[in-house]
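Asks: sequence unknown, structure follows:
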Ligand SMILES: NC(=O)c1ccc[n+]([C@@H]2O[C@H](COP(=O)([O-])OP(=O)(O)OC[C@H]3O[C@@H](n4cnc5c(N)ncnc54)[C@H](OP(=O)(O)O)[C@@H]3O)[C@@H](O)[C@H]2O)c1
């Protein structure tokens, strides 16, 4: 008898409630099965952990794309139970695959890019571009914005108001300080300059009480909007409240009472449509094509940047910064160990195999990205422009593997299909990051039924030009460090010292 046939929708619901509650540190009673799962703030790793456990429970691979149509636990459990009634595992997988092909085409990203018509700047910007006094930053409890805050603390004397999700001010301040400490940025002398503002991107008016919103609107000069929900599993619908509607609310703040400078952290993912594959895309090029962008996260970045552009057409002074993957600090190696690239490297390391693929390490060190953003944001000629913070000389994955091998590690590069088989058959330990990343890596997308790694192979990607950005940085002293043995040694040393990578 197939044990997996015993589970009902109710069982699956209980399982999801208990695992979600554990992941987000709530009691099961606090989980609302009708609430959009995206609102619980799971990161990709947590989401993949739950999917990995669900896969074990059900005996088949539930598609993360199911969340697209069934975004809450109640509906998702009912759907999974239906899938489950079907006779064979193969039928399940076929059904889910068909789902994948059809579902994304329902979404018209062009139609999503509509900015509330009441968001209109009031006159010209009258503050200082070079010496802002009051700055509003989102994402200060995350990776990149921590380094943006560092550069702003050094380059200005401004007070920095940080949007933080928290229950009270002391929790918000602790969250900010702890994050800045983690990235070796915090210093007690910053106490007075960093001011938490409790709020949530996914709420109208950022969930900020009207008097405080009005106060911010009247006093802030410049906004750096870096916050987003980075999750490679969730569909567009789950990420839209924070990433798209949240950007709209920040634009509302930028236009209320007085016009503010608006600096938006976007992503090179806005050029992810196959339309741009193999084409050179420059900073000021239009990015009208969205068809074939499959990741919900990338879809939200495309729509959000469009909203920012619309606000720019209405007269808001905007500047857009598009990082590629953000790697560690080039001087200290400090990084976000849970980012996708680090997990991939750790996973391949533990497996003993890297896929032999034509893939460029599309990464820029976080100190370069943050320094470039802060320098460019204080230049008048940057207004209205976009900047690609792409590494000017990306290195290939093969270069990284050769570098690892030079230390006599037994790492092999094997054909991609073979690597995928290893992933399916031999990655059985939850200790390997691929254990939880498997559903994401093996999921088939697009009419061609390609996996995510397939979709990101070099010939499927655009050639991102950063020539205008480098030109704008000339004379600033901000230079993107080379991806060479020295940089990789700095990164590896940090990852080993922090216990993330083990050599045994
Ligand atoms: N990391 C990359 O490789 C990369 C590459 C290209 C572009 N980017 C862009 O760079 C920006 C920063 O990325 P990151 O790596 O620094 O991300 P991160 O470390 O995951 O930080 C995300 C930040 O956004 C906040 N946030 C998420 N949902 C929110 C909500 N509903 N309300 C208020 N704040 C919310 C988080 O707050 P909590 O602490 O409360 O969760 C956190 O402070 C993002 O816009 C991202 O799209 C990143």
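Replies: Alright, I've got the coordinates. Because the structure is a prediction, the values reported are computed rather than measured. Numbering: from 1, shown residues only.
Asks: How is the closest residue to the ligand within the stretch 101-250 of the chain assigned, secondary-structure-wise?
Replies: Using CB to the nearest ligand atom, the closest approach of the stretch 101-250 of the chain to the ligand is made by residue 142 at 1.9 Å. Every C-beta, even on glycine, is put in place using the N, C-alpha and C of the backbone. Recorded secondary structure, residue 142: coil (DSSP: H, G, I helix; E, B strand; the rest coil).
Asks: Make sure it is actually in contact with residue 242.
Replies: No: Residue 142 is beyond contact range of residue 242, at 11.9 Å (criterion: CB atoms under 8 Å).
Asks: out of the two, which sits in the busier spot?
Replies: residue 242 (25 against 16; other CB atoms under 10 Å).
Asks: Am I right that that one is in a helix?
Replies: Yes: counting by three-state DSSP, residue 242 is found in a helix.
Asks: Give me the nearest residue to residue 219, chain neighbours excluded.
Replies: residue 134 (5.1 Å; CB to CB, 6 or more residues apart in numbering).
Asks: again, but for residue 251
Replies: Closest to residue 251 by CB to CB, 6+ apart is residue 311, at 4.8 Å.
Asks: wait, what's in contact with the one you found?
Replies: Residues in contact with residue 311, defined by CB atoms under 8 Å, 6 or more residues apart in numbering, are 115, 119, 121, 251, 254, 255, 262, 318.
Asks: In which helix or strand does it reside?
Replies: Following DSSP states H and E, one finds residue 311 within helix 296-313.
Asks: pLDDT averaged over that helix, what's the number?
Replies: For helix 296-313, mean pLDDT is 97.
Asks: in it, what counts as buried?
Replies: Neighbour counts over helix 296-313 (16 or more other CB atoms under 10 Å) mark 296-312 as buried.
Asks: give me the subset of these touching the ligand.
Replies: When contact is defined as CB under 6 Å from any ligand atom, the buried residues of helix 296-313 meet the ligand at residue 301.
Asks: if we can go back for a sec, pull up the overlap in contacts between residue 142 and residue 242.
Replies: Common neighbours of residue 142 and residue 242 (CB under 8 Å, 6+ apart) are residue 227.
Asks: Please enumerate the strands of the stretch 151-300 of the chain.
Replies: Taking DSSP state E, counting those that start in this stretch to define them, one finds strands in the stretch 151-300 of the chain at 159-164, 194-198, 222-225, 261-265, 280-281.
Asks: Each with direction, which strands does the fourth one pair with?
Replies: Strand 261-265 has the following strand partners under DSSP bridges: strand 222-225 (parallel), strand 318-322 (parallel).
Asks: What of the first one?
Replies: Taking DSSP bridges as the criterion, strand 159-164 sits next to strand 134-138 (parallel), strand 194-198 (parallel) in its sheet.
Asks: Tell me the residues of the protein that contact the ligand?
Replies: So the chain meets the ligand at 41, 138-139, 141-145, 163, 165, 200-202, 226-230, 242, 246, 265, 267, 301, 323, 325-326, 336, 339 (CB under 6 Å from any ligand atom).
Asks: Return the set of buried residues in stretch 123-130.
Replies: For stretch 123-130, burial by neighbour count (16+ other CB under 10 Å) applies to 125, 129.
Asks: meant to ask about stretch 207-225, not that
Replies: So, applying 16+ other CB under 10 Å, buried residues of stretch 207-225: 208, 213, 216, 217, 220, 221, 222, 223, 224, 225.
Asks: sorry, back to before: next one, pLDDT for the residue nearest to residue 219 please.
Replies: 98.
Asks: partner residues bridging it?
Replies: Beta-bridge partners, per DSSP bridges, of residue 134: residue 159.
Asks: Show me what the closest residue to the ligand within the stretch 351-500 of the chain bridges to in the sheet.
Replies: The stretch 351-500 of the chain approaches the ligand most closely through residue 363 (7.7 Å), counting by CB to the nearest ligand atom. Counting by DSSP bridges, residue 363 is bridged to residue 325.
Asks: Would you confirm that it contacts residue 323?
Replies: No: using CB under 8 Å as the test, residue 363 is too far from residue 323 to be in contact (9.1 Å).
Asks: Compare neighbour counts for the two and give me the winner.
Replies: residue 323 (27 against 22).
Asks: just checking, the more buried one touches residue 391?
Replies: No: using CB under 8 Å, residue 323 makes no contact with residue 391, being 9.8 Å away.
Asks: List the residues that contact residue 346.
Replies: 433, 495, 500, 501.
Asks: In CSV: those, plus pLDDT, neighbour count and secondary structure.
Replies: Shown next, in CSV, are the contacts of residue 346 (pLDDT from 0 to 100; neighbours: other CB atoms under 10 Å; DSSP: H, G, I helix; E, B strand; the rest coil):
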residue, pLDDT, neighbour count, secondary structure
433, 83, 23, helix
495, 92, 19, helix
500, 89, 15, coil
501, 85, 18, coil
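Asks: tell me which of these is nearest to residue 380?
Replies: residue 495 (40.0 Å; CB to CB).
Asks: Many thanks, we can stop here.
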